[in-house]
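Peer 1: Curious how this folds, go ahead:
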Amino acid sequence: MTTQGTALETVQGTARGTLHGRAALVTGGGRGIGAATALRLARDGADVALTYVHGKEAAEDVVRSVEALGRRAVALRADAADAAEAAGAVTRAAEALGGLDVLVNNAGVGVLGPLETLTDEDVDRVLAVNVRGVFVASRAAAGRMGAGGRIITIGTCMSQRVPGPGGTLYATSKSALIGLTKALARELGGRGITANVVHPGPTDTGMNPATGPAAATQAALTALGRFGTAAEVASMVAYLAGPDAAYITGAEFAVDGGHAA
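Peer 2: The predicted model follows:
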């Protein structure tokens with residue numbers, strides 16, 4: 001099993017410099033894909049802010065790892081379910097880093113189960129974090145970004161293919177991000193700001209380990225027959241944040257091992 005520590009080590013190394021002078025905010029950046037993304041962006045030269053809700057110690061570990069790469073970093077407590085906190089995190093990140101060039105909407109929650117077991121409270125929480133939180137953070141970030149700004153949102157392979165029951169609420173919330181991304185691309189394109197969405201497949205993280213009880217079933221749903229790593233997802237995010245992706249917007253990118261094939 002890939003632990004968070006080894007996942008972070010995977011993306012550390014000599015700074016590539018493609019994001020030198022850029023400032024990024026990664027929501028939910030204290031663990032899993034978010035932590036790997038924060039480290040990869042820092043390795044590529046960016047200063048990084050990240051948000052967390054409960055995992056303060058883990059978030060501070062990521063900050064120290066970013067600083068070890070010679071970049072500035074700050075961890076901000078913000079609950080994406082709270083619209084004011086989600087937007088406020090963007091303001092706080094920009095103030096701490098002296099601006100904002102890249103927003104990675106990574107924070108999310110997943111409530112899985114049969115349709116009849118999902119409560120109204122489940123619906124409210126999932127839509128608040130996965131949809132409204134992304135919307136308000138993107139709106140706040142767009143107000144601070146200039147030409148070359150990047151909004152990158154983490155979706156899911158389940159918006160491309162739902163292989164079985166139990167994913168109704170989660171797939172609904174993440175599928176909304178496709179429409180949001182395409183609309184952002186149209187609305188912000190004239191200002192030179194791009195918006196794209198990345199769809200991870202089964203990914204080895206603390207929340208969904210490759211040694212978990214359902215791991216073999218998930219791996220078998222991919223063409224490659226394995227889980228992805230957080231670093232593999234982070235590499236796509238870093239590419240979209242960089243200068244080589246300047247002409248890419250309103251697009252979906254599957255990093256799913258062929259889950260949708």
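
Peer 1: Next up, the contacts around the closest residue to Pro200 other than its chain neighbours.
Peer 2: Closest residue to Pro200 apart from its sequence neighbours, by C-beta to C-beta, 6 or more residues apart in numbering: Val233 at 4.8 Å. C-betas here are computed from N, CA, C, even on glycine. Residues in contact with Val233 (C-beta atoms under 8 Å, 6 or more residues apart in numbering) are 33, 36-37, 154, 198, 200, 203, 255.

Peer 1: For the protein, just list every one of the strands.
Peer 2: Assigned strands in the chain, in chain order: 23-26, 47-52, 73-77, 102-105, 150-154, 194-200, 203-204, 228-229, 251-255 (criterion: DSSP state E).

Peer 1: Reformat the ones you listed as CSV; add distance to Ala185 and mean pLDDT.
Peer 2: As requested, those are arranged in CSV below (distance: least, C-beta to C-beta, whole Å; pLDDT from 0 to 100):
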stretch, distance to Ala185, mean pLDDT
strand 23-26, 19, 98
strand 47-52, 24, 98
strand 73-77, 27, 98
strand 102-105, 14, 98
strand 150-154, 9, 98
strand 194-200, 5, 98
strand 203-204, 25, 94
strand 228-229, 25, 96
strand 251-255, 8, 98
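
Peer 1: Take those strands and lay them out in a markdown table including distance to Leu169 and mean neighbour count.
Peer 2: Below are the strands of the chain laid out as a markdown table (distance: least, C-beta to C-beta, whole Å; neighbours: other C-beta atoms under 10 Å):
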| stretch | distance to Leu169 | mean neighbour count |
| --- | --- | --- |
| strand 23-26 | 24 | 29 |
| strand 47-52 | 23 | 28 |
| strand 73-77 | 26 | 21 |
| strand 102-105 | 18 | 29 |
| strand 150-154 | 17 | 27 |
| strand 194-200 | 17 | 26 |
| strand 203-204 | 20 | 26 |
| strand 228-229 | 23 | 22 |
| strand 251-255 | 20 | 19 |
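
Peer 1: okay, the ones you listed in a markdown table with distance to Ala171 next?
Peer 2: A markdown table is the format used below for these (distance: least, C-beta to C-beta, whole Å):
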| stretch | distance to Ala171 |
| --- | --- |
| strand 23-26 | 23 |
| strand 47-52 | 24 |
| strand 73-77 | 29 |
| strand 102-105 | 17 |
| strand 150-154 | 14 |
| strand 194-200 | 11 |
| strand 203-204 | 16 |
| strand 228-229 | 19 |
| strand 251-255 | 14 |
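
Peer 1: just so I know, which of those lies nearest Gln218?
Peer 2: When these are compared by C-beta to C-beta, strand 203-204 sits nearest Gln218, at 9.6 Å.

Peer 1: Give the pairing partners of the closest one; include direction for each.
Peer 2: With DSSP bridges as the test, strand 203-204 is paired with strand 228-229 (parallel).

Peer 1: now the helices for the stretch 51-200 of the chain?
Peer 2: 56-68, 83-97, 120-127, 133-142, 168-188 (DSSP state H, counting those that start in this stretch).

Peer 1: tell me the angle the third one makes with helix 168-188.
Peer 2: Angle of helix 120-127 versus helix 168-188, following axes from the mean of the first three to the mean of the last three C-alpha atoms, to 10 degrees, is 30 degrees.
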